[in-house]
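Colleague: just a sequence and a predicted model for now, questions to come.
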Amino acid sequence: MLFRTALRTVAPRALPRAQAPVARTFLTSLPRFSDHQEPILQGPGGKSGEIPTDLEQATGLERFELLHKLKGEEAFSLEPLEVPRLGTIEDPIKVFSLSHDTILFTAHKDKAIRCPECGCAYQVEYHGLPEGEHGHHH
């Protein structure tokens, strides 16, 4: 009985997923005009015949972190979350977030969730760009 239940829960995931059609290509997307400039997260690369530096070849989060270190800033908040009280569902502890990813357990901006260990309630306080709220889960 338990074996059949395990097979039933695994079988749908094993099936190949059909890809959804793309609504529009990048070439037909309208350009956005604003004063806000996204940080360039791709370096210029190395010059021909030379070995590139870390800054020239770094991309993505590595480049983001290097650019912050050059400014003397910390790219990511490494301080622990300060919890001065016990959060409740009506008044949860707000967790500052620039992304929709969570680490320990799934918290959402729409509703509070309780910690399974201590019972304290948490809720995401989203501060990122509106484009970052695309509703999918990792």
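Modeller: Yep, that arrived.
Colleague: so for stretch 75-93, mean pLDDT?
Modeller: Across stretch 75-93, pLDDT averages out at 82.
Colleague: how about residues contacting that stretch?
Modeller: 64-65, 67-69, 95-96, 112, 114, 118-123 (C-beta atoms under 8 Å, 6 or more residues apart in numbering). In this view, the C-beta of every residue, glycine as well, is placed from N, C-alpha and C.
Colleague: which of the residues you listed count as buried?
Modeller: The neighbour count (16 or more other C-beta atoms under 10 Å) marks 64, 67, 95, 112, 121-123 as buried among those.
Colleague: would you list these in CSV and tack on distance to Pro52?
Modeller: Formatted as CSV, the buried ones among the contacts of stretch 75-93 follow (distance: C-beta to C-beta, whole Å):
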residue, distance to Pro52
Phe64, 18
Leu67, 16
Val95, 38
Ala112, 47
Ala121, 48
Tyr122, 43
Gln123, 44
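Colleague: give me the distance between Leu67 and Asp91.
Modeller: Distance of Leu67 to Asp91, given as C-beta to C-beta, to the nearest Å: 38 Å.
Colleague: ok, Leu78 next?
Modeller: Remark: distance between Leu78 and Asp91 (C-beta to C-beta) = 27 Å.
Colleague: next secondary structure after the helix or strand of the chain with the lowest mean pLDDT?
Modeller: Scoring the helices and strands of the chain by mean pLDDT, DSSP states H and E places helix 2-14 at the bottom, with a mean of 50. As assigned by DSSP states H and E, the chain's next helix or strand after helix 2-14 is helix 54-57.
Colleague: quick one: end-to-end distance for stretch 94-111.
Modeller: 11 Å (C-alpha to C-alpha, to the nearest Å).
Colleague: tell me how this protein divides into domains.
Modeller: 52-76, 93-132 (automatic domain parsing).
Colleague: turn the ones you listed into TSV, columns for distance to Leu86.
Modeller: Converted to TSV, the domains of the chain look like this (distance: least, C-beta to C-beta, whole Å):
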stretch	distance to Leu86
domain 52-76	27
domain 93-132	5
